[in-house]
Each structure stands twice: as structure tokens, then as C-alpha cells.
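In: Just to be clear, the model below is a prediction. Sequence and coordinates:
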Amino acid sequence: QLQLVESGGGLVQPGGSLRLSCAAAGIRLNYNVIGWFRQAPGKGREGVSCIDALGTTTNYADSVKGRFTIFRDNAKNTAYLQMDNLKPEDTASYFCAFRPASVCSGVAAAYPTWGQGTQVTVSS
């Protein structure tokens, strides 16, 4: 059974950091694409970042470039999103998603498997 489980969300002050984890079961994350998306209340799901199958190419939304870093630990079968210098506008539910392909996509419909999400709240 394919399953992704996110963790690491929480409440943080502006300027703070969080590291989100996406642990996989039933699938191997290496040689496949992992994407991170977020959804704020009343808004659509937004692509935040993705890492390609070989782990050599990463993409970021303009709003998070220079602040977020996506990476993968193949031995732990876990993907991560390191979020630094967080801003109130980063507040959202964050989801990891799996795409059985080699190339990144920023389109949610391109990912057939999703985690349940983890809440990130940035507030003073």
C-alpha cells in the first residue's frame, strides 16, 4: 500500500525555521519525483518545490526561493522541506506528493499519491 506521511509542522514566529518530513511506505522515493505543495484557507493548492528522480534538479516557487530547500534521504526513504526565514504568508497546510516519473512538475494533478498534510502557522 502506497503511503506518504508528513510531519514537522507547527507554530513558529516570523523569521523562524521548520523542517517538514515526508516518510514513504510501499514506494521507493528514489528514482521518482517528490513534490511539496501548500494550501492556505480559501486558496488553491500551490506548488512549493519538487526534486527530480535523480535528485539533481530542484525547483522552487518564486515566493520561497532562497528560503526553502528540498532534499531526500534515500536510505531513510524520506523527503524533506527545510523552511527558513518563515513569513506569515507561508502559513498553510503542506502536503508532499509522489510522482512516478523522472521530471518535476508543478501541477498537482501530475501527482497520484499524496500525504495527509501538516499544518504550518507563522505568527508572532
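Out: Thanks, I have it.

In: can we go C-alpha only for contacts and neighbour counts from here?
Out: OK.

In: In three-state terms, label the residue nearest the centre of the chain for me.
Out: The residue lying closest to the centre of the chain (C-alpha atoms, centre = their mean) is residue 36, at 2.5 Å. Using DSSP: H, G, I helix; E, B strand; the rest coil, the secondary structure recorded for residue 36 is strand.

In: I figured it was touching residue 98, is that so?
Out: No - Residue 36 is beyond contact range of residue 98, at 9.1 Å (criterion: C-alpha atoms under 8 Å).

In: residues contacting residue 122?
Out: Residue 122 sits next to 11, 12, 13, 14, 86, 87, 88, 89, 90, 91 when contact means C-alpha atoms under 8 Å, 6 or more residues apart in numbering.

In: If you could redo that for residue 34, that was the one I meant.
Out: 50, 51, 52, 53, 79, 96, 97, 98, 99, 104.

In: thinking the fourth one is in contact with residue 102, fair?
Out: Yes - with contact defined as C-alpha under 8 Å, residue 53 reaches residue 102; the gap is 4.6 Å.

In: Those two: who's more crowded?
Out: Neighbours were counted for residue 53 and for residue 102 using other C-alpha atoms under 10 Å; residue 53 has more, 20 against 16.

In: can you give me the strands for the chain?
Out: Using DSSP state E, the strands found in the chain span residues 3-7, 10-12, 18-25, 33-39, 46-51, 58-60, 68-73, 78-83, 92-99, 113-114, 118-122.

In: quick check: mean pLDDT across the fourth one?
Out: Just to be clear, that refers to strand 33-39. When pLDDT is averaged over strand 33-39, the result is 98.
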